[in-house]
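**Q** Got a predicted model here, sequence first, then my questions.
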Amino acid sequence: MALVDSDERLVFHQRIRLPYRYTTGDQTKAFLLALAERRILGSRCEECRLTLVPARPFCPICAGRTGALVEVSDAGTLERATVRIRDEGPVTFGLIRLDGADTAFLHRLEVAPERLRSGLRVVARWDPDPAPEITAISCFVEPGASEASTGDGGG
Ligand SMILES: [Zn+2]
């Protein structure tokens, strides 16, 4: 049988480089600059009466413009988590509802997989020298977790 007539799935793997520039806008700019000060900002939708984290210019519920910036806690409650198994080890991501926020915030977790459950309390582990980037928060850990561990992967 000729190869072109085969029903066998053919897969090729390739990496693409996709450089881009993104203009943050006022709300995202404020969010990122606050991260460098170890603070987390949300934006308030007065129509829905929701505090949205990260701060954003539009409400995802009513599509209206958001208003005031609101500082929320760097501690919150884990809503959902997923573990990705990589060659280098597992990496865990979670949706975290920070105290004072009405929406969940996606970030990396450093929590033992057997400890993961909805409702788990977690707190940000800040980078020692935070930049105005999402990586100013290294990950979220359980309160009281060692500050010494900064490695990748679940623990
Ligand atoms: Zn709204």
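**A** Structure received. Numbers count the residues shown, from 1 in each chain.
**Q** which residues does Gly76 bridge with?
**A** Applying DSSP bridges to Gly76 yields these beta-bridge partners: Leu98, Val122.
**Q** what's the burial count for it?
**A** 26 (other C-beta atoms under 10 Å). Heads up, the C-betas are built off the backbone N, CA and C, glycines and all.
**Q** check contacts around it.
**A** Shown in contact with Gly76 (C-beta atoms under 8 Å, 6 or more residues apart in numbering): Ile96, Arg97, Leu98, Asp99, Ala101, Phe105, Arg121, Val122, Val123, Phe140.
**Q** and the one helix or strand the last one maps to, what other elements does it pack with?
**A** Secondary structure assigned from DSSP states H and E places Phe140 in strand 137-141. Based on contacts counted as 3 or more C-beta pairs under 8 Å, 6 or more residues apart in numbering; DSSP states H and E, the elements that strand 137-141 packs against are strand 105-109, strand 121-126.
**Q** Mind putting the contacts of Gly76 into CSV with distance to the ion, pLDDT and neighbour count?
**A** Converted to CSV, the contacts of Gly76 look like this (distance: C-beta to the ion, whole Å; pLDDT from 0 to 100; neighbours: other C-beta atoms under 10 Å):
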residue, distance to the ion, pLDDT, neighbour count
Ile96, 21, 98, 27
Arg97, 17, 98, 16
Leu98, 18, 98, 25
Asp99, 20, 98, 13
Ala101, 14, 98, 20
Phe105, 17, 93, 22
Arg121, 28, 98, 14
Val122, 26, 98, 24
Val123, 28, 98, 18
Phe140, 26, 98, 28
